[in-house]
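Participant: A structural model of the following input is requested.
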Amino acid sequence: MAMNGKKQEYAVSIRNMTKHYGKNRGVSNLSLNVEAGDIYGFLGPNGAGKSTTIRSILGLLRFQEGSIHVFDMDVRKNQREILRTVGYMPSEAMFYPAMKTKDIIRLAADMRGLDCRKEAEMLCERLKVEPDKRIEELSLGNRKKVSIVCAMQHRPRLFIFDEPTSGLDPLMQAEFFQLVLEYNEQGTTCFLSSHVLSEIRKYCRHAAIIKEGKLICSDTVENLTKSNAKHVHVVRDGKEEDFMYQGDLNELFAGFAGHDISDITIGEPDLEEIFMHYYDRDSEGGAEGREPVSSGPGR
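Facilitator: Prediction:
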């Protein structure tokens, strides 16, 4: 229940969803909520279960346990209605190779029974899509841009993007996120799967981290990236060491007593280190908290 007494609206609500492929791992007991109007990041390495989760949200995969609702609609019962509200961009853009770009974009609109020509024209101009090129003539990045247009042109309530910026050059990546922000300001929710941490930190408000099909944690991006840990680089007894340390710096220095210290640098950890420690802590069975694992000087 929201603080103002109104029920919180969720664009996506997943409860204890489990999807497995025979003996192979899929997603296990996953629960998360994406608030309407949010830009939500879904983080994890390749093979973590991101695409399985997304395809389950869309009703493209049948999961064995749990439930998924999109704007209060059950994906098992209301898949057709849900797909009308969603703009989906898969990780791999597959189109009929002999068709022209403009025909693919028009076909995507026609399949929805919508006239999207004005929006499609704007998107093609912003993304520098060449309408008369055949799909087979396009690079991966240019096929990605066509996929973006197809996902955005009908102005859906919810974007679901699976690794959307892979293959795009930096200018097009920036333009893509500018479009996401503009649509978001007009009310569109965005659920964004990525393994590019800097994208999540810069553009998302909330995020979840998944590893080996299990949710490690979910929170605001600010909280997830907040850390009291320090990155320590030290050369002692002729050997270089790098580790993360969280605790009293006086104890850190005391741990170096009796060693020959020729160099030491203490600084803030980078984003990759913070998130890798979430994975490390999960492996050690300590995923309940949000602070990265500490390493003492006696490593």
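
Participant: now for this protein: which helix has the highest residue count?
Facilitator: Using DSSP state H, we find that the single longest helix of the chain is helix 170-185.

Participant: state the mean pLDDT of it.
Facilitator: Mean pLDDT, helix 170-185: 96.

Participant: helices and strands around it, which ones?
Facilitator: strand 39-43, helix 117-127, helix 140-152, strand 189-194, helix 197-203 (3 or more CB pairs under 8 Å, 6 or more residues apart in numbering; DSSP states H and E). Just so you know, the C-beta spots here come from the backbone N, C-alpha and C atoms, and that holds for glycine as well.

Participant: do you know which of those lies nearest His233?
Facilitator: Of all these, helix 197-203 sits nearest to His233, with 20.8 Å by CB to CB.

Participant: what's in contact with the helix or strand following the closest one?
Facilitator: With elements assigned by DSSP states H and E, the helix or strand that comes after helix 197-203 is strand 206-211. Outside of strand 206-211, the residues within contact range by CB atoms under 8 Å, 6 or more residues apart in numbering are 27, 30, 32, 34-35, 38-45, 48-50, 53, 200, 215-221, 224, 275, 278-279, 282.

Participant: which residues of the stretch 1-150 of the chain fall in helices?
Facilitator: All helices of the stretch 1-150 of the chain, identified by DSSP state H, counting those that start in this stretch, fall at 50-57, 79-85, 101-111, 117-127, 140-152.

Participant: quick revisit: which one of the helices and strands packed on helix 170-185 lies nearest to Ile160?
Facilitator: strand 189-194 (4.9 Å).

Participant: output stretch 253-272 as PDB, restricted to C-alpha atoms.
Facilitator: The C-alpha coordinates for stretch 253-272 follow below in PDB (Å, rounded to 0.1, in the frame of the first residue of the first chain):
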ATOM      1  CA  PHE A 253      47.400  -0.600   9.200                       C
ATOM      2  CA  ALA A 254      47.900  -2.600  12.300                       C
ATOM      3  CA  GLY A 255      47.700  -5.700  10.200                       C
ATOM      4  CA  PHE A 256      50.600  -4.500   8.100                       C
ATOM      5  CA  ALA A 257      52.900  -4.300  11.200                       C
ATOM      6  CA  GLY A 258      56.100  -6.300  10.700                       C
ATOM      7  CA  HIS A 259      55.800  -6.200   6.900                       C
ATOM      8  CA  ASP A 260      58.000  -4.300   4.500                       C
ATOM      9  CA  ILE A 261      55.500  -1.900   2.900                       C
ATOM     10  CA  SER A 262      57.000  -0.200  -0.200                       C
ATOM     11  CA  ASP A 263      53.700   1.200  -1.600                       C
ATOM     12  CA  ILE A 264      50.000   1.500  -0.600                       C
ATOM     13  CA  THR A 265      47.000   3.100  -2.300                       C
ATOM     14  CA  ILE A 266      43.500   3.200  -0.700                       C
ATOM     15  CA  GLY A 267      40.600   4.400  -2.900                       C
ATOM     16  CA  GLU A 268      37.000   3.900  -3.700                       C
ATOM     17  CA  PRO A 269      36.000   0.600  -5.400                       C
ATOM     18  CA  ASP A 270      34.800   0.800  -8.900                       C
ATOM     19  CA  LEU A 271      31.300  -0.400  -9.900                       C
ATOM     20  CA  GLU A 272      32.400  -3.700 -11.200                       C
END
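
Participant: in it, what's buried?
Facilitator: Buried residues in stretch 253-272, defined by neighbour count with 16 or more other CB atoms under 10 Å: Pro269.

Participant: how far is that stretch from where the chain is centred?
Facilitator: How far stretch 253-272 lies from its chain's middle: 33 Å, per CA atoms, centre = their mean, to the nearest Å.
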